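Asks: Structure of the sequence below:
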Amino acid sequence: MEPGESSAPQSRAIVAQLKRSQIFRDYEQAFRETTGLPITLRPVEAFDLPFRGDPKESPFCALMADSNHSCAACLQFQKKVEEQAQSEPKTLRCFAGLCDSSVPVRVGDNLIAFLQTGQIMLHEPSKLQFDRTARQLLKWGAHVDVKRLEEVYFQSRVITKKQYGSILRLLTIFAQHLSALSNELMVKEAAAEAPPVTKARMFIAQHQAEELSLAQVAQSVNMSAFYFCKMFKRATGMTFTDYLARVRVEKVKNLLLNPHKRVSEAAYEAGFQSLSQFNRVFRRIAGESPSAYRDRLHGAGKT
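Replies: Residues are numbered from 1 along each chain as shown. Next up, the predicted model:
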């Protein structure tokens, strides 16, 4: 993807791969077992109820989803949560008093998904609040069993603000891991294409530390630069320049696993020709500065 450009099909494909990954499945299971809350990873512009059918779905929300009128209200609420979570985690409270949260997952400048949880209350439900909820549902013309609705309403999960804040912090950290994994998947996906692309990728991997041009890579696969450029973009969804940048950023991340490696040293070893270019590219692809990334790995240290 180009900076600032959103490719919905590519985003959905990456999200599908993330959901199949072992790291996501392990985290998903551990999250549900530890918190008792539902969790989902949704691509941008998904138009369904996020927790429908989740093993930890709120009984109240499940009953609401069975009514067309209340289901529509829930869908509008989800859209509002996601609209406000474009750049940072967001928690909103629905008309019934339950909270849902969305944490954005980004690849550089591109928003590709939301990591979501919720269907909880931050205070004990009250009879007054339920009566207001029931009146609103009747006003919408929803056909619900009020007695059953009241029963499940008071079964709603209640979590303190402090506890819920900690849960959202865990989701935010995991969203950062998913962002890094997304970048790796984009590079690997490009590598799984036609033989000329595989050959070009191998050439790039071998020469990434050098000043590498499109013409050199095209020549390595016996193509004109013009044809290679079109073929590579069509096959990978990325320009040659963007792919090379992502490969180099991944190399920097691997080098920075060494706590004694300076950011500047890693940048030059990976093939970046200037620190200003490196800082700009790293922030675009990783979504944070290289020093911030290094600090997260090892704490404050050399740059």
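Asks: Average pLDDT for the lengthiest strand in the chain, rounded please.
Replies: For the chain, the strand with the greatest residue count under DSSP state E is strand 110-121. Mean pLDDT, strand 110-121: 92.
Asks: And residue 110, how close does it get to residue 184?
Replies: 15 Å (C-beta to C-beta, to the nearest Å). Every residue, glycine included, has its C-beta placed from N, CA and C.
Asks: Compare neighbour counts for the two and give me the winner.
Replies: Comparing residue 110 with residue 184 by other C-beta atoms under 10 Å, the one with more neighbours is residue 110, at 23 against 12.
Asks: measure that one to residue 252 for me?
Replies: Residue 110 is 19 Å from residue 252, by C-beta to C-beta.
Asks: And residue 126, by the same measure?
Replies: Counting by C-beta to C-beta, the gap from residue 126 to residue 252 is 53 Å.
Asks: Could you do residue 26 as well?
Replies: 27 Å.
Asks: who's more crowded, those two?
Replies: In this view residue 26 and residue 252 are compared by other C-beta under 10 Å, and residue 252 has more residues nearby, 27 against 10.
Asks: How about the contacts made by that one?
Replies: Residues counted as contacts of residue 252 (C-beta atoms under 8 Å, 6 or more residues apart in numbering) are 263, 266-267, 270, 272, 278, 282, 290.
Asks: and which of those residues is nearest residue 11?
Replies: Lowest distance from residue 11 to those (C-beta to C-beta) belongs to residue 282, with 21.2 Å.
Asks: The closest one: what's its closest spatial neighbour, skipping adjacent residues?
Replies: Spatially, and ignoring its direct neighbours in sequence, residue 282 is nearest to residue 290 (4.7 Å; C-beta to C-beta, 6 or more residues apart in numbering).
Asks: Show me the helices in the stretch 101-250 of the chain, by range?
Replies: If DSSP state H, counting those that start in this stretch is used as the criterion, the helices of the stretch 101-250 of the chain fall at 127-140, 146-153, 161-191, 195-207, 214-220, 225-236, 240-255.
Asks: any idea how far the fifth one is from the chain center?
Replies: Read that as helix 214-220. 34 Å (C-alpha atoms, centre = their mean, to the nearest Å).
Asks: Just the mean pLDDT for it, thanks.
Replies: 93.
Asks: just stretch 41-58 next, same as before
Replies: For stretch 41-58, the mean confidence score works out to 86.
Asks: so what's the residue nearest the centre of the chain up against?
Replies: Taking C-alpha atoms, centre = their mean, the centroid of the chain lies closest to residue 105, which sits 2.3 Å from it. By C-beta under 8 Å, 6+ apart, the contact list for residue 105 reads 41, 111-115, 175, 178-179, 182.
Asks: Over to residue 123?
Replies: Taking C-beta under 8 Å, 6+ apart as the test, what residue 123 contacts is 97, 158.
Asks: Kindly recompute the last result at 7 Å.
Replies: residue 158 (C-beta atoms under 7 Å, 6 or more residues apart in numbering).
Asks: Next secondary structure after the helix or strand where residue 269 lies?
Replies: Applying DSSP states H and E as the criterion places residue 269 in helix 263-270. As assigned by DSSP H and E, the chain's next helix or strand after helix 263-270 is helix 275-286.
Asks: Tell me what angle the following helix or strand past that following helix forms with helix 240-255.
Replies: Using DSSP H and E, the helix or strand that follows helix 275-286 in sequence is helix 290-298. On the basis of axes from the mean of the first three to the mean of the last three C-alpha atoms, to 10 degrees, helix 290-298 is oriented at 40 degrees to helix 240-255.
Asks: which secondary structure elements does helix 290-298 contact?
Replies: helix 263-270, helix 275-286 (3 or more C-beta pairs under 7 Å, 6 or more residues apart in numbering; DSSP states H and E).
Asks: Give the buried residues for the last one.
Replies: Within helix 275-286, the residues that qualify as buried are 278-279, 281-286, counting by 16 or more other C-beta atoms under 10 Å.
Asks: Brilliant, that's me finished.
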